[in-house]
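Chemist: My questions concern the predicted model and sequence given below.
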Amino acid sequence: MNKKNKTAAFVCNEIIGNFQLPLYRAVKQEAEQRGQHLIVFEGRALNSTDFADAEHNYVYQFINPELYDALILSSGSLFTFEKYHEALTWLEKFRTKPIVSLNIELPGCLSLLTDGFSGVKSAASHLIEHHGYQHVAFVSGPPSNAEAEERKLGYLYAMEAHGLKDNSLVIDGSFLPVSGIEAMKRIIEKHSEIQAIIFANDDMAIAALDYINQQHPELKHKFAVVGFDNTPNSKQSSPVLATISQAYNQFSQASFNYIEQGKVVTETVNLPAQFLPRESCGCKHVVVESPSTSQLFSQSYKVHENLQLTDHRQFHKELAEALKHLNIQACFIAIYSESCAKDQPLPEQSFLYFAYSEQNIIEVPQELNFKTKQILPAGISNIQLPTLSLVKTLFYQQKHFGYVIYDIAQGKENDFSSLTALLCSHLYSMFLLHELQKAKRNQELANQALTEANDQLVKLSTTDSLTGLHNRRGFFDRVYQYAISGRSANTFMAFYADVDFLKTVNDGHGHAMGDLLIQRCGNVLKQTFRDEDFIGRVGGDEFLICARHCNEEDIGSVIGRLKQMIVFNNRQHPGQPELSVSVGYAFFQGRTIKEIETAFERADKKLYEAKKLRHITHKIQKKGVRKN
């Protein structure tokens, strides 16, 4: 096989991750420049217990050696929570083809490593020699991770080489942002002598800087901080993060050189890591202009608002329109012959539900069945795996029902993730409704099963999946029924609540942590209000509450109880961003839907005033600290 017709499979956890994104882009760019094929299997870190990571990892069952010529593994992040022998066991079934392991040395593979030892040694030496720091701490990664241990050794070597061994301080971390915050708290409370801190990755370092900025602005210039990875967010932190750059481009170039040779070799190559001094270590940061990869305008087409359909043909039409707006050139959706759970084998058969290529829907025979391991049906000229493709699994809660394939030659990484999340919820709802309609037509389901399906469908349409509260529709259905459907008018207090500083949390800790903060807010509201009250999440961080039989005299006690619940919740979640909520309220007494809407509009205006005052107070406090 000549070098021009090779297919590489790239296995990576969360391509939009702070570390993974530049690596993914480098591999994709190298494949594109060489005219090679690339299949990306995107899951999460193996053995991760965070959120729905285990569900995302079902996609790794699609890795079929018959589909590719060589396998590239983002081992450093993929095996973060795996022990070495567990990684080898997982890898065994792929040994029939050449394997490239990035950032972890594995037997029988081309192992491409970043020289983390020299990178951290260089950073520590810079802090000691250039800035004169004598007390430098190191926050490590997971002890089972070879990369993390190598970086720690580089730190210890530099400290000893400069006669500062007795000043060494190593704090255990996990590569996760929360461990960076915990390390910073410990240093502030117990190690006031520390002048500089080197973190084993950027995520922990950025989280620590964000914690200082938000919770201890008076300490903003006390510590020099260095990260590792040179991730995109390192240039957005305040101050700009000094870091150690991974050899992303050299990784991808060496990987494809090896793939084009087509031989299985066992070799380890160390690639240099470069220390990049910037503001956070005390150096002046030189801004290097580069083309933006972000969309700098507002997209008028709202994908989530146009895919809320129950008719399959109309859904196909609207999905094709969404793909066109998102500049995604091809998309294929396959549905399993039967749904399954993450611990079950991949279903043998699937059918092609949707096919889109070159901005057109491809008509396919109804329920075109094929072997799931093939990913797409063979022998159809206009249905082929894109040259650069991404495979993601489709699931709702613990039920897996299919997968989606995208052409990734164009389009934005965040759009692939957001669209997949929408497909998961909408497709599951549609197929649930389809099963319900089929049961009614054929009268094949027992009455109990039919009732359960109806209840589940109603719950899906009226419940917010993140918090378990009412969504907008469910909330106002209950409010209208209570306030104006009865014979006599009922009064209530309308509350409008909003999570403060959510964007800061999303930018500094990731959207998963932001979602966790929204869930915490929902729990606090449920603890504050009574069972008879109605609570709904109606926007990203916006909540509405209808407090029944409540009037303006009760406001003080309600707000006081809310504040107590927030304090209690923050104490229950040490190491996480602090929850803060702004609230507006208005009294309702009327008989029409318009009057209900007006009451919540008045509450929204009070919320805006409260939020504006909170931000002004926050700025004044920060300015006061800087003057002192």
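Modeler: Great, that's in hand.
Chemist: How about stretch 120-137, which residues are buried there?
Modeler: Neighbour counts over stretch 120-137 (16 or more other Cβ atoms under 10 Å) mark 120-128, 133, 135-137 as buried. The way it works is simple: take the backbone N, C-alpha and C, and place the C-beta from them, glycine included.
Chemist: For the helix or strand residue 275 falls within, name the packing helices and strands.
Modeler: With elements taken from DSSP states H and E, the one containing residue 275 is strand 274-276. When contacts are defined as 3 or more Cβ pairs under 8 Å, 6 or more residues apart in numbering; DSSP states H and E, strand 274-276 packs onto helix 116-129, strand 243-245.
Chemist: possible to save those as a markdown table with mean pLDDT and distance to residue 426?
Modeler: What follows is those, written out as a markdown table (pLDDT from 0 to 100; distance: least, Cβ to Cβ, whole Å):
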| stretch | mean pLDDT | distance to residue 426 |
| --- | --- | --- |
| helix 116-129 | 97 | 43 |
| strand 243-245 | 96 | 40 |
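Chemist: These: which one's closest to residue 31?
Modeler: Residue 31 lies closest to strand 243-245 among the helices and strands packed on strand 274-276, at 21.7 Å (Cβ to Cβ).
Chemist: Outside of that closest one itself, list whatever touches it.
Modeler: 116, 119-120, 122-123, 202, 205, 226-231, 234, 273-276, 278 (Cβ atoms under 8 Å, 6 or more residues apart in numbering).
Chemist: For the chain, which strand extends over the most residues?
Modeler: For the chain, the longest strand by residue count, based on DSSP state E, is strand 330-340.
Chemist: then it to CSV, C-alphas only?
Modeler: What follows is strand 330-340, C-alpha atoms only, in CSV (Å, rounded to 0.1, in the frame of the first residue of the first chain):
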residue,chain,number,x,y,z
ALA,A,330,-21.6,15.9,5.4
CYS,A,331,-23.4,14.1,8.2
PHE,A,332,-24.7,10.5,8.6
ILE,A,333,-26.9,9.2,11.5
ALA,A,334,-27.3,5.5,12.1
ILE,A,335,-29.7,3.9,14.6
TYR,A,336,-29.1,0.5,16.3
SER,A,337,-31.5,-2.3,15.6
GLU,A,338,-32.1,-2.3,19.3
SER,A,339,-31.0,0.1,22.1
CYS,A,340,-28.4,-0.9,24.6
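Chemist: What pairs with the helix or strand just after it, parallel or antiparallel?
Modeler: Remark: after strand 330-340, the chain's next helix or strand is strand 349-357, criterion DSSP H and E. Within its sheet, strand 349-357 is paired with strand 330-340 (antiparallel), strand 360-361 (antiparallel), strand 368-371 (antiparallel), according to DSSP bridges.
Chemist: For strand 349-357, what is the distance to the chain centroid?
Modeler: 27 Å (Cα atoms, centre = their mean, to the nearest Å).
Chemist: Restricting the selection to alpha carbons, write it to CSV.
Modeler: As requested, the backbone C-alpha atoms of strand 349-357 are provided in CSV (Å, rounded to 0.1, in the frame of the first residue of the first chain):
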residue,chain,number,x,y,z
GLN,A,349,-27.1,-4.3,13.0
SER,A,350,-27.9,-0.7,12.4
PHE,A,351,-30.0,1.2,9.9
LEU,A,352,-29.1,4.5,8.2
TYR,A,353,-31.6,7.0,9.5
PHE,A,354,-30.2,10.2,7.9
ALA,A,355,-27.7,10.9,5.1
TYR,A,356,-26.4,14.4,4.1
SER,A,357,-23.6,15.3,1.7
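Chemist: Mean confidence (pLDDT) on it, please.
Modeler: Taken as a whole, strand 349-357 has a mean pLDDT of 93.
Chemist: Contacts for that strand, please.
Modeler: In contact with strand 349-357 (Cβ under 8 Å, 6+ apart) are residues 316, 319-320, 323, 329-337, 361-362, 364, 367-372, 376-377, 382-383, 402-403, 407.
Chemist: now swap in stretch 541-555 and tell me
Modeler: Contacts of stretch 541-555 with the rest of the structure, by Cβ under 8 Å, 6+ apart, involve 469, 475, 478-479, 482-483, 490-499, 502, 518, 521-522, 525, 529-530, 532-538, 558, 585, 587, 600.
Chemist: can you check stretch 515-525 too?
Modeler: Residues outside stretch 515-525 that contact it (Cβ under 8 Å, 6+ apart): 51, 464, 466-469, 497, 499, 502, 505, 535, 537, 540-541, 543, 545, 562, 565-566, 569, 573, 576-577, 579, 581.
Chemist: Which members of those are classed as buried?
Modeler: By 16+ other Cβ under 10 Å, those give 464, 467, 469, 497, 499, 502, 505, 535, 537, 541, 543, 545, 562, 565-566, 569, 576-577, 579, 581 as buried.
Chemist: Go through those and flag which are in strands.
Modeler: Filtering these for strands - DSSP E - leaves 497, 499, 535, 537, 543, 545, 581.
Chemist: Leaving out sequence neighbours, find the closest residue to residue 49.
Modeler: Leaving aside its chain neighbours, residue 49 sits nearest to residue 81 (7.9 Å; criterion: Cβ to Cβ, 6 or more residues apart in numbering).
Chemist: any idea where the strands of the stretch 401-550 of the chain begin and end?
Modeler: For the stretch 401-550 of the chain, the strands defined by DSSP state E, counting those that start in this stretch cover 492-499, 534-537, 542-548.
Chemist: quick one, which of those is nearest to residue 604?
Modeler: With Cβ to Cβ as the yardstick, what comes closest out of the strands of the stretch 401-550 of the chain is strand 492-499 (4.8 Å).
Chemist: tell me the average confidence for that closest one?
Modeler: According to the model, strand 492-499 has a mean pLDDT of 94.
Chemist: name the helices or strands packed onto it?
Modeler: helix 472-483, helix 511-528, strand 542-548, helix 555-572, strand 581-588, helix 593-627.
Chemist: The third one: partners in the sheet, and parallel or antiparallel?
Modeler: Going back to what we said before, that points to strand 542-548. The pairing partners recorded for strand 542-548 under DSSP bridges are strand 492-499 (antiparallel), strand 534-537 (antiparallel).
Chemist: Serialize those to CSV and add fields for distance to residue 216.
Modeler: Shown next, in CSV, are the strands paired with strand 542-548 (distance: least, Cβ to Cβ, whole Å):
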stretch, distance to residue 216
strand 492-499, 22
strand 534-537, 32
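Chemist: among those, which is nearest residue 154?
Modeler: Going by Cβ to Cβ, the one of these nearest residue 154 is strand 492-499, 40.1 Å.
Chemist: The nearest residue to residue 334 once chain neighbours are set aside: neighbouring residues, count only.
Modeler: The shortest distance from residue 334 to any non-neighbouring residue, by Cβ to Cβ, 6+ apart, is to residue 350 (4.4 Å). Number of residues near residue 350 (other Cβ atoms under 10 Å) recorded here: 27.
Chemist: Begin at 18 from now on, thanks
Modeler: Will do, 18 is the new start, and the previous item becomes residue 367.
Chemist: For residue 367, name its beta-bridge partners.
Modeler: residue 353, residue 387.
Chemist: For residue 438, see how far away it is.
Modeler: From residue 367 across to residue 438, the span is 21 Å (Cβ to Cβ, to the nearest Å).
Chemist: same deal with residue 564?
Modeler: 32 Å.
Chemist: Give me the more crowded residue out of these two.
Modeler: Neighbour totals were compared for residue 564 and residue 438, and residue 564 leads with 23 against 14 (other Cβ under 10 Å).
Chemist: so what's that one closest to, chain neighbours aside?
Modeler: residue 510 (4.3 Å).
Chemist: what sits against the one you found?
Modeler: Contacts of residue 510 (Cβ under 8 Å, 6+ apart): 563, 564, 567, 568, 569, 571, 572, 575, 602, 603, 604, 605.
Chemist: Which single one of the residues you listed is nearest to residue 165?
Modeler: For the contacts of residue 510, the nearest to residue 165 is residue 575 (47.8 Å; Cβ to Cβ).
Chemist: can you count the residues close to that closest one?
Modeler: Neighbours of residue 575 under the rule other Cβ under 10 Å: 20.
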